[in-house]
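# Sharing a sequence plus its predicted fold:
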Amino acid sequence: MPQFILALFIALSFSIGTFLILRRDLFKVLWGIVVLSQSANLFIISMGGISGKVPVISGHETYVIMTDPLVQALVLTAIVIGLGTTAFALVLILRVYEECGTLDLDQIWGGI
C-alpha cells in the first residue's frame with residue numbers, strides 16, 4: 001500500500017508540473033519545470049529502492065539487501081544542478097520582465 005501512495009503522489013506531482021508548464025505566465029512555467037524535475041527525482045529514488053539496509057560493508061553479515069547508494073548520489077547531484085538552473089532562470093525571467101514589462105508569453109511573442 002505505501003508503494004501505491006508513493007506512485008500516486010509522483011503521478012500527481014508530474015501532472016501538476018505539466019499543468020504549470022502549459023500556462024501563459026513565464027513564472028508559472030518555471031515553477032512547472034521545478035515541480036516536474038523534483039517529481040522525476042522522486043521517481044528515480046523510488047525506482048532505486050526505498051527498503052533495505054544502509055550500504056555499509058560489515059564483516060559478520062553474509063547476504064543483506066542494501067539500498068543502492070548510486071541512485072541517491074545521482075539525485076543529490078540533480079537537485080544541486082536544478083537549484084543552479086532555477087536561480088539562472090529566475091534571473092532571466094527578471095530580465096525579460098525589465099525589457100518587456102510583462103511575463104505573459106502571448107504579449108512577449110507578439111501574439112504569434
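Cool, got the structure. Numbers count the residues shown, from 1 in each chain.
# Now tell me what touches the lowest-mean-pLDDT helix or strand in the chain from outside.
For the chain, counting by mean pLDDT, DSSP states H and E, helix 105-108 ranks last in confidence among helices and strands (a mean of 86). For helix 105-108, the surrounding residues in contact (CB atoms under 8 Å, 6 or more residues apart in numbering) are Arg24, Asp25, Leu26, Val29, Val96, Cys100, Thr102. No exception for glycine: its C-beta is placed from N, CA and C like everyone else's.
# Off-centre distance for it?
Distance, stretch centre to chain centre, for helix 105-108: 26 Å (CA atoms, centre = their mean, to the nearest Å).
# buried sites along it?
Neighbour-count burial for helix 105-108 flags Leu105, Ile108 (criterion: 16 or more other CB atoms under 10 Å).
# Of all pairs in the contacts of helix 105-108, which one spans the longest distance?
Val29 and Cys100 (14.7 Å; CB to CB).
# Compare neighbour counts for these two and give me the winner.
For Val29 versus Cys100, neighbours defined as other CB atoms under 10 Å are more numerous around Val29 (18 against 13).
# shouldn't the more buried one be in contact with Arg23?
Yes. With contacts counted by CB atoms under 8 Å, Val29 reaches Arg23, the gap being 6.1 Å.
# For Ile10, see how far away Gln3 is.
Separation of Gln3 from Ile10 (CB to CB, to the nearest Å): 10 Å.
# neighbour count winner among the two?
The neighbour comparison of Gln3 against Ile10 (other CB under 10 Å) goes to Ile10, with 17 against 10.
# Low-confidence regions, the chain specifically.
By pLDDT under 70, the weakly predicted segments of the chain are 1, 50, 52-64, 111-112.
# So which residues of it form helices?
Per DSSP state H, the chain carries helices over the ranges 2-21, 26-48, 69-100, 105-108.
# Gly49 reaches Pro69, doesn't it?
No. Look at Gly49 against Pro69 with CB under 8 Å: they stay out of range, at 10.6 Å.
# Which residues are in contact with each of those two?
With CB under 8 Å, 6+ apart as the test, Gly49 and Pro69 reach no residue in common.
# thinking again about what came up before, just the helices of the chain: most buried one?
helix 26-48 (a mean of 17; mean count of other CB atoms under 10 Å).
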